[in-house]
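Trainee: Below are the sequence and a predicted model; questions follow.
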Amino acid sequence: MRIKKSLILAGPALLTAVTLGPLTTPTAQALAETSATSAQTSTHVTSKPPEKRKAKKQQYNMGRSAGYADGRDDCKKKQPYTMKYSGGGAYQRGFADGYNSGYHSC
């Protein structure tokens, strides 16, 4: 049992040493450059343009503001919790978040 535990603990370290041991400096450097380039490329591919993010953030904020006002108004009038909206855009997500915050704030 004791040998099994030591093998389980030493296994990953030995595997790393065997894998990285024979790498020469130029090979390791080439691998590092390749991974850095691919990481940089994937970042550029997946990110959205700043103007689209900004527009969605503005829509979300407008929806949140409207939802908060409606939720707060319903709460003050002691009306039941009713959130009336449909869709899944930025405005609707903001409205839902704002309504929840507004309704539960009083």
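Mentor: Structure received.
Trainee: CA-only coordinates of stretch 89-101, as PDB, when you get a sec.
Mentor: The C-alpha coordinates for stretch 89-101 follow below in PDB (Å, rounded to 0.1, in the frame of the first residue of the first chain):
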ATOM      1  CA  GLY A  89     -31.500  40.500 -26.200                       C
ATOM      2  CA  ALA A  90     -29.300  42.800 -24.100                       C
ATOM      3  CA  TYR A  91     -32.200  45.100 -23.300                       C
ATOM      4  CA  GLN A  92     -34.400  42.200 -22.100                       C
ATOM      5  CA  ARG A  93     -31.700  40.800 -19.900                       C
ATOM      6  CA  GLY A  94     -31.100  44.200 -18.400                       C
ATOM      7  CA  PHE A  95     -34.900  44.700 -17.900                       C
ATOM      8  CA  ALA A  96     -35.200  41.300 -16.100                       C
ATOM      9  CA  ASP A  97     -32.200  42.100 -13.800                       C
ATOM     10  CA  GLY A  98     -33.500  45.600 -13.100                       C
ATOM     11  CA  TYR A  99     -37.000  44.500 -12.400                       C
ATOM     12  CA  ASN A 100     -35.800  41.900  -9.900                       C
ATOM     13  CA  SER A 101     -33.600  44.500  -8.200                       C
END
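Trainee: Show me which residues of stretch 55-66 are buried.
Mentor: Buried positions in stretch 55-66, judged by neighbour count with 16 or more other Cβ atoms under 10 Å: Lys56, Gln59, Tyr60, Gly63, Arg64, Ala66. For glycine as for every other residue, the C-beta is placed from the backbone atoms N, C-alpha and C.
Trainee: secondary structure class for Asp74?
Mentor: helix (DSSP: H, G, I helix; E, B strand; the rest coil).
Trainee: can you offset everything so residue one is 788?
Mentor: Happy to do that; since the first residue is 788 now, the last one works out to Asp861.
Trainee: ok now do it, which residues does it touch?
Mentor: Pro867, Tyr868, Thr869, Gly889, Tyr890 (Cβ atoms under 8 Å, 6 or more residues apart in numbering).
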